[in-house]
Structure formats: structure tokens, C-alpha cells
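S.K.: sharing a model that was predicted from the sequence below.
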Amino acid sequence: MTTRPTALRIDPADGWLVGVSRVPSPNCDPRPAGAAPELIVVHGISLPPGRFGGGWIERLFTNALPPDAHPYFAEIAGLRVSAHVCIPRDGSVTQYVSFADRAWHAGKSVWCGREACNDFSVGIELEGTDELPYEPAQYAALAGVVAALCAAYPSLSPQRIVGHSDIAPGRKTDPGPAFDWPLARRLIAARCPPEPPLAPSLT
Ligand SMILES: [Zn+2]
């Protein structure tokens with residue numbers, strides 16, 4: 001018998017998940033006037049590449065990555081990046097940027113003809129690589145965060161989820177072929193109420 005995880009909830013007043021670990025990142029700014037979250041972007045990240053743990057992702061998102069700790073860190077220590085949420089291998093959830101604000105995760109990107117996806121998207125990083133299967137606990141946590149987002153923002157829906165590679169093709173490959181989209185979509189659908197039926201036409 002399995003126990004349904006406690007539902008996550010977003011405080012609409014400030015755009016932060018309630019009761020979830022918070023590490024505010026300075027790498028964010030206000031969304032453009034009138035912009036709401038309309039798209040969820042799934043990423044994969046590991047620091048250094050292919051290695052898990054160590055707390056380096058948090059250090060990257062808070063501009064505290066020591067450039068001398070690994071040759072790769074020296075290359076990226078000057079980046080100013082963030083995501084709204086990161087889900088490491090153990091399926092825990094840490095939020096870095098309010099969903100009301102713009103996190104700096106997508107870079108040059110386009111979705112349905114619209115550029116600069118950071119303006120209108122939520123970025124969720126899963127600790128992982130393109131090739132190694134993500135953990136079941138990460139899919140479960142992702143579904144919980146997506147359900148909370150869809151409940152808080154009517155402009156989002158379970159259909160409005162893409163990978164970074166989908167909005168930056170040729171430039172980004174994450175979350176990679178290892179990411180099990182059918183599993184993710186099944187878990188998300190199970191956590192999100194179905195779309196309301198279309199209103200009857202007046203004509
Ligand atoms: Zn990415």
C-alpha cells in the first residue's frame with residue numbers, strides 16, 4: 001500500500017511553495033509587466049557533469065561556485081543562472097526563485113514562435129544527465145510541483161510542459177533521452193484535475 005504524498009501548495013501572495021526548502025538566488029528579476037507563467041521547462045543538470053551531490057548546484061545558483069574546485073567550475077563560475085526549483089536525486093525540493101519572478105534558466109529560446117522563454121516560463125532542474133535514468137523520487141516530486149503550479153496559475157496546464165531541448169534545439173540537449181516523458185506525463189495527469197469542459201457555444 002502506498003501513501004499519497006502530501007500535496008504541495010504555492011502561496012499566491014509571494015509565489016513560493018509552502019513548507020519547502022528555500023535558498024533565494026540573486027539571479028532573477030521581475031517578469032515583464034503582464035507576463036504570467038505559461039510554460040514549464042524541465043532541465044537536467046549535474047555538477048561537475050556526470051557527478052551527483054556535493055551541493056554544487058546550490059552554489060552555482062547563489063554565485064558561490066568555487067572556480068578552483070574543479071576544472072569545469074572554472075569555465076562556468078562566472079555564469080549568472082538559476083531555476084525556480086531544483087530536484088536532486090533524492091527527490092527533495094528546493095526553491096530558488098519565486099514563481100512570480102523571472103529565473104534565468106532558458107537562455108536563448110523559442111516556444112510556439114515566442115522568444116525569451118524566461119519571461120513566461122517556470123524552470124525546474126532535475127539533478128541528472130541526458131543518459132542516466134532519473135530517479136522515481138524525482139518524477140514524483142516533479143509531478144507534485146507541477147500539480148501545485150497548475151493549481152496556482154490558471155495560465156499553466158499539464159500540457160504546457162517541455163524540455164529545455166525543445167525550446168533551445170541544437171543548443172541544449174537536457175533533460176535528455178533518459179528523461180521518461182510518458183512516465184512524467186502519467187504521474188502529472190494523476191495529480192492534476194482534468195481540464196474543465198469547454199463552455200457551450202452561444203451560437
Ligand atoms: Zn537546461
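M.R.: Sure thing, it's come through.
S.K.: low pLDDT regions in this protein?
M.R.: 1-5, 195-203 (pLDDT under 70).
S.K.: and the closest residue to Val110 other than its chain neighbours, backbone torsions?
M.R.: Excluding the flanking residues, the one nearest Val110 by C-beta to C-beta, 6 or more residues apart in numbering is Ile167, at 6.2 Å. All C-beta spots, glycine's among them, are computed from the backbone N, C-alpha and C. Note on Ile167: backbone dihedrals following degrees, to the nearest 10 are phi -110, psi -10.
S.K.: for Ile167, give its distance to the ion.
M.R.: Separation of Ile167 from the ion (C-beta to the ion, to the nearest Å): 9 Å.
S.K.: distance of the residue most central in space within the chain relative to Ala33?
M.R.: For the chain, the residue nearest the mean C-alpha position is Ile124 (1.0 Å; C-alpha atoms, centre = their mean). Separation of Ile124 from Ala33 (C-beta to C-beta, to the nearest Å) stands at 24 Å.
S.K.: returning to that earlier point: what strand or helix carries the residue nearest to the centre of the chain?
M.R.: Here Ile124 is covered by strand 121-127, with elements defined by DSSP states H and E.
S.K.: gap between that strand and the chain center?
M.R.: 2 Å (C-alpha atoms, centre = their mean, to the nearest Å).
S.K.: show me what from the protein comes close to the ion.
M.R.: Where the chain comes near the ion, counting by C-beta under 5 Å from the ion, the residues are His43, His164, Asp174.
S.K.: three-state assignment of the last one?
M.R.: Looking back up the chat, that one is Asp174. coil (DSSP: H, G, I helix; E, B strand; the rest coil).
S.K.: that one touches His164, doesn't it?
M.R.: Yes: when contacts are counted by C-beta atoms under 8 Å, Asp174 is listed as touching His164 (4.9 Å).
S.K.: shared neighbours of the two, anything?
M.R.: Counting by C-beta atoms under 8 Å, 6 or more residues apart in numbering, the contacts common to Asp174 and His164 are His43, Gly44.
S.K.: and the two? which has more neighbours close in?
M.R.: Using other C-beta atoms under 10 Å, the more surrounded residue of Asp174 and His164 is His164, with 25 against 21.
S.K.: list the contacts of that one.
M.R.: Contacts of His164 by C-beta under 8 Å, 6+ apart are Val41, Val42, His43, Gly44, His105, Ala106, Ser109, Lys172, Asp174, Pro175.
S.K.: who's in contact with the second one?
M.R.: The one in question is Val42. Here Val42 is in contact with Ile124, Leu126, Leu142, Ile161, Val162, Gly163, His164, Pro175, Phe179, Ala184 (C-beta under 8 Å, 6+ apart).
S.K.: ok so it is a strand residue?
M.R.: Yes: according to three-state DSSP, the state of Val42 is that of a strand.
S.K.: so what sits opposite it in the bridge?
M.R.: Counting by DSSP bridges, Val42 is bridged to Ile124, Gly163.
S.K.: could you measure from the residue nearest to the centre of the chain over to Ser82?
M.R.: Distance from Ile124 to Ser82, by C-beta to C-beta: 12 Å.
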